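Undergrad: Generate a structure from the sequence data that follows.
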Amino acid sequence: MIDRPLSARISRRMLIGALAADIAVHPVRSRASTRTQIKAIVFDAFPIFDPRLITALTCSYFPKEGEMLANLWSAKLFGYTWFCAAAGHYEDFESLADKSLRSAIETMQLGIPTASRGVLVDAYSRLDVWPDVMPALEKFRTAGLRLGFLSNLSEQMLRANMRHTNIAHQFEHVLSTDRVQEFKPEPSAYHMAIEAFRLRKDEIAFAAFAGWDATGATWFGYQTAWVNRLGTPHERVGPRPAIVSRGIESVLALAGLD
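TA: Presented below is the predicted three-dimensional model:
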């Protein structure tokens with residue numbers, strides 16, 4: 001092992017720290033990405049809608065176990081979507097949200113009234129937007145970009161959230177995977193935007209919340225921004241998205257509005 005002077009080691013640590021801080025604030029572009037003129041942007045639900053209400057409500061019912069229950073519920077829910085898709089037995093998101101919550105509650109040997117369980121599932125339909133969303137939507141509107149949702153949530157859930165936050169007028173298309181009976185990252189789910197907007201694949205940008213969704217959309221061929229609000233690591237399988245940030249600034253950058 002090479003022993004470097006203390007000053008050199010400290011300088012190296014400072015440089016790494018500065019780079020990490022810069023990555024947290026500024027979008028990171030893939031070196032391999034090439035960008036054509038974006039005409040439309042499709043969003044997963046959660047770069048727009050803040051899902052933290054679900055954890056907060058779960059903790060209100062279970063002050064001690066709530067966070068663990070919310071994490072298990074989420075893992076069960078998305079596991080169920082992939083399980084049903086792979087088996088060819090599609091069920092809508094709301095149904096799977098209820099079944100996965102029941103499974104998580106049983107796994108943790110907790111009890112909750114049926115009505116209260118319904119309140120938790122219904123929380124997926126009354127989410128607020130993240131703080132940076134409204135200014136970004138105005139920039140997209142001013143630039144003449146066409147917007148849509150492309151989500152595993154049901155259309156009913158998406159429209160309920162849009163009414164709750166008064167943003168329905170901003171979005172031209174609301175594309176739920178219910179339409180094709182396949183959950184993302186199935187390619188037919190991503191293909192809905194091409195048919196809805198009648199644009200080429202390279203004219204559409206996709207904004208993902210989860211790393212697997214960012215990878216799936218990139219695999220499909222969309223120019224993809226990963227709105228990595230939770231700061232999770234990149235997926236180890238598949239390509240990296242064109243650009244990543246902790247907030248919606250990556251979508252603005254991908255659209256040339258940074």
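
Undergrad: In this protein, what residue spans correspond to helices?
TA: In chain order, the chain shows helices spanning 6-25, 52-61, 66-87, 93-107, 114-122, 133-142, 155-165, 187-197, 211-220, 249-254, with DSSP state H as the criterion.

Undergrad: In CSV: those, plus mean neighbour count, mean pLDDT and distance to Val237.
TA: (Glycine included, C-beta is placed from N, CA and C.) What follows is those, written out as CSV (neighbours: other CB atoms under 10 Å; pLDDT from 0 to 100; distance: least, CB to CB, whole Å):
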stretch, mean neighbour count, mean pLDDT, distance to Val237
helix 6-25, 10, 36, 22
helix 52-61, 16, 95, 27
helix 66-87, 17, 94, 14
helix 93-107, 18, 96, 23
helix 114-122, 14, 94, 30
helix 133-142, 15, 97, 30
helix 155-165, 18, 97, 28
helix 187-197, 19, 98, 16
helix 211-220, 23, 97, 7
helix 249-254, 24, 96, 21
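
Undergrad: So which of these is nearest Glu235?
TA: Taking CB to CB as the criterion, helix 211-220 is the member of the helices of the chain that comes nearest to Glu235, at 4.6 Å.

Undergrad: which residues are in contact with the closest one?
TA: 44, 184-185, 187, 190-191, 201, 206, 208, 224-226, 228, 232-235, 237-242, 244 (CB atoms under 8 Å, 6 or more residues apart in numbering).

Undergrad: 7 Å instead, please
TA: 44, 184-185, 187, 190, 206, 208, 224, 226, 232, 234-235, 237-239, 241 (CB atoms under 7 Å, 6 or more residues apart in numbering).

Undergrad: Now do it against helix 66-87: the angle between them, please.
TA: Here the directions of helix 211-220 and helix 66-87 differ by 30 degrees (axes from the mean of the first three to the mean of the last three CA atoms, to 10 degrees).

Undergrad: And the contacts of helix 211-220, which two are furthest apart?
TA: Among the contacts of helix 211-220, the pair separated by the greatest distance (CB to CB) is Pro187 and Thr232, which sit 23.3 Å apart.

Undergrad: Identify the residues contacting the closest residue to Arg159 other than its chain neighbours.
TA: Spatially, and ignoring its direct neighbours in sequence, Arg159 is nearest to Val174 (6.1 Å; CB to CB, 6 or more residues apart in numbering). For Val174, the contacting residues are 148-149, 155, 158-159, taking CB under 7 Å, 6+ apart as the criterion.

Undergrad: Make JSON lines out of these and add distance to Trp219.
TA: Conversion of the contacts of Val174 to JSON lines gives the following (distance: CB to CB, whole Å):
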{"residue": "Gly148", "distance to Trp219": "20"}
{"residue": "Phe149", "distance to Trp219": "20"}
{"residue": "Glu155", "distance to Trp219": "24"}
{"residue": "Leu158", "distance to Trp219": "23"}
{"residue": "Arg159", "distance to Trp219": "28"}
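
Undergrad: Thanks again, I'm all set now.
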